[in-house]
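*Asks:* Requesting a structural model of the entry that follows:
(one chain, ligands or ions: 2)
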Amino acid sequence: MPEILIGVGSNIGDRTEWIKGSLHRIRDDGKIQLWRNSHLRLYPPLGGMKQREFLNGVFVGYTPLMPLSLLEYLKKVERQFCRRPTYKWGPRTLDLDILFYGKSVLTLPRLCVPHRSFLKREFALELAAEVCPRLKHPVVGRTCQELWREFAEKKHHNSPPASPGWPR
Ligand code: A4P
Ligand code: MG
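*Replies:* Ligands and ions are numbered 1, 2, ... in the order given. Model (predicted):
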């Protein structure tokens, strides 16, 4: 069975409850064997819209579902957890994104794997490095840990110098 990496996010209501509830549901449904999950952490919302912070996590699992069936299944779980259509990158109770599907590289109208924004997103890289540091990105061929280190270094170099503060 292919190893899958799923990203989960929530920024409405009780974010922890939505995420933990969905993981219980996924475990009970038996369509994905959950293997490991990261800590849940708060991250500022990406996408420039003013909205609440996201609670994000990632988990590794195994599934017999083919990629599009997996997408359908995750969309169904989102709906069961009150996900309602808003606008792109808008607030949501639950977002389940397929980050990796084994070593597959797919560019279909409804599904891109690896997830098209994986390499640009702090929350995806940091949490993937925690949960599967040695897993390689099937396109760029680097491990999640290497990718996260590079991202964190760039972020550090690009951040403005600390302000000197007021003289005492
Ligand atoms: N789709 C294509 N590839 C995938 C994939 N690998 N996994 C299609 C899941 N879906 C994929 O997604 C829109 C369509 O993308 C799906 O119907 C599917 O056919 P959606 O979840 O319905 O809508 P969306 O989430 O608003 O759009 P999108 O482009 O998936 O956004 P993202 O990438 O999910 O980003 N900030 C923080 N800190 N944390 C977050 O989790 N999330 C977003 C949404 C924005 N800012 C965030 C976070
Ligand atoms: Mg999504």
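*Asks:* Below-threshold pLDDT in the chain: ranges please.
*Replies:* 160-168 (pLDDT under 70).
*Asks:* what does it put close to ligand 1?
*Replies:* Applying C-beta under 6 Å from any ligand atom, we find that the chain lies next to ligand 1 at 9, 43-47, 54, 56, 71, 88-89, 95, 97-98, 110-113, 115, 117, 123. Bear in mind the C-beta positions are built from the backbone N, C-alpha and C, glycine included.
*Asks:* tell me, which of these make contact with ligand 2?
*Replies:* Filtering the residues of the chain next to ligand 1 for proximity to ligand 2 (criterion: C-beta under 5 Å from the ion) leaves D95, D97.
*Asks:* so where do the strands sit in this structure?
*Replies:* In the chain, the strands defined using DSSP state E lie at 3-10, 33-37, 41-43, 54-62, 95-101, 106-107, 112-113.
*Asks:* For those, give me CSV that also has mean neighbour count.
*Replies:* Formatted as CSV, the strands of the chain follow (neighbours: other C-beta atoms under 10 Å):
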stretch, mean neighbour count
strand 3-10, 24
strand 33-37, 15
strand 41-43, 15
strand 54-62, 21
strand 95-101, 22
strand 106-107, 10
strand 112-113, 20
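*Asks:* need the ones you listed in a markdown table with distance to K76, can you?
*Replies:* Shown next, in a markdown table, are those (distance: least, C-beta to C-beta, whole Å):
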| stretch | distance to K76 |
| --- | --- |
| strand 3-10 | 14 |
| strand 33-37 | 17 |
| strand 41-43 | 26 |
| strand 54-62 | 16 |
| strand 95-101 | 10 |
| strand 106-107 | 20 |
| strand 112-113 | 18 |
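*Asks:* residues near the nearest residue to Q145 once chain neighbours are set aside, how many?
*Replies:* Closest residue to Q145 apart from its sequence neighbours, by C-beta to C-beta, 6 or more residues apart in numbering: P133 at 3.8 Å. Neighbour count of P133, defined by other C-beta atoms under 10 Å: 14.
*Asks:* swap in H24?
*Replies:* 11.
*Asks:* Please apply the same query to D14.
*Replies:* Neighbours of D14 under the rule other C-beta under 10 Å: 12.
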